[in-house]
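Engineer: just coords:
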């Protein structure tokens, strides 16, 4: 149980376009989802915390107009990178907390974004 | 402050060697502690966890004991395999609902045959 999926697993887009990444909890309800960014050989950097039905809370230094997060249901959160640029190329990972067990997070497999 | 510090990598070992990856944390309370593993090109997988002092988490031959007195959660394995090659992240759990995990910087392990 507690499986989280991400789609797509990798995506290449042109500079200036937008790309949407989906994060789904497959077999549980997730009241909270988290979005991370990871650069090569580095740790995860938390971008934002997303609660179902409310606005995401962004970490300091993360542009909320650039990284749009929507958590429309208890099983789906989306991250949209708007007007992507090459410096947005990265590995994006989401995680989700169970509805009644919020001290543990279950991670998705990640999405590799390359902006050309 | 609230932080997690891991020993720097990369750590290179021969197969069947003993592994220790040190992890210490700072916190004002008694958070849950986690070890996650990341294989190349993949997301994070929970390896083991401990939710209170003196708890020992274990999985796949890996162990870590929650030491309150030394604020540590060192990862150990008695005999590593080539398939254990990955990056290992220590993390401190949140204190509140929906709170953040605090990650260490990660330690890359490379096991040679």
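Structural biologist: Looks like it arrived, so ask away. Since the structure is predicted, the reported quantities are computational estimates derived from the model, not experimental observations.
Engineer: show me which residues of chain B sit near chain A.
Structural biologist: Residues of chain B lying close to chain A (Cβ under 8 Å from any Cβ of the partner chain) are B:32, B:34, B:36, B:41-46, B:49, B:51, B:89, B:93-94, B:97-101, B:103-106, B:108. No exception for glycine: its C-beta is placed from N, CA and C like everyone else's.
Engineer: now, of those, which are buried?
Structural biologist: Restricting the residues of chain B next to chain A to buried positions leaves B:32, B:34, B:36, B:42-44, B:46, B:49, B:89, B:93-94, B:98-101, B:103-106, with burial counted as 16 or more other Cβ atoms under 10 Å in any protein chain shown.
Engineer: take those and keep only those in helices.
Structural biologist: Within these, no residue falls in helices by DSSP state H.
Engineer: end to end on stretch B:10-18, go ahead and measure it.
Structural biologist: End-to-end distance for stretch B:10-18, by Cα to Cα, to the nearest Å: 15 Å.
Engineer: now do it: distance to the chain's middle.
Structural biologist: On the basis of Cα atoms, centre = their mean, to the nearest Å, stretch B:10-18 is displaced by 16 Å from the centre of the chain it belongs to.
Engineer: for that stretch, give the mean pLDDT please.
Structural biologist: What stretch B:10-18 shows for mean pLDDT is 97.
Engineer: repeat that for stretch B:44-58.
Structural biologist: 93.
Engineer: just list whatever residues bridge to residue A:111.
Structural biologist: Beta bridges link residue A:111 to residue A:92 when assigned by DSSP bridges.
Engineer: how far away is it from residue B:64?
Structural biologist: Counting by Cβ to Cβ, to the nearest Å, the gap from residue A:111 to residue B:64 is 29 Å.
Engineer: and what of residue A:16?
Structural biologist: The value you get for residue A:16 to residue B:64, if Cβ to Cβ is used, is 46 Å.
Engineer: the closest residue to residue B:22 other than its chain neighbours: how many residues sit nearby?
Structural biologist: Of all residues not flanking residue B:22 in the chain, residue B:7 sits nearest, at 4.3 Å (Cβ to Cβ, 6 or more residues apart in numbering or on different chains). Residues lying near residue B:7 (other Cβ atoms under 10 Å in any protein chain shown) number 16.
Engineer: same check, this time on residue A:92
Structural biologist: 24.
Engineer: just to revisit the earlier point, neighbour-wise, which of residue A:111 and residue B:64 wins?
Structural biologist: residue B:64 (26 against 22).
Engineer: before we move on, what SS does the more buried one have?
Structural biologist: Three-state assignment for residue B:64 (DSSP: H, G, I helix; E, B strand; the rest coil): strand.
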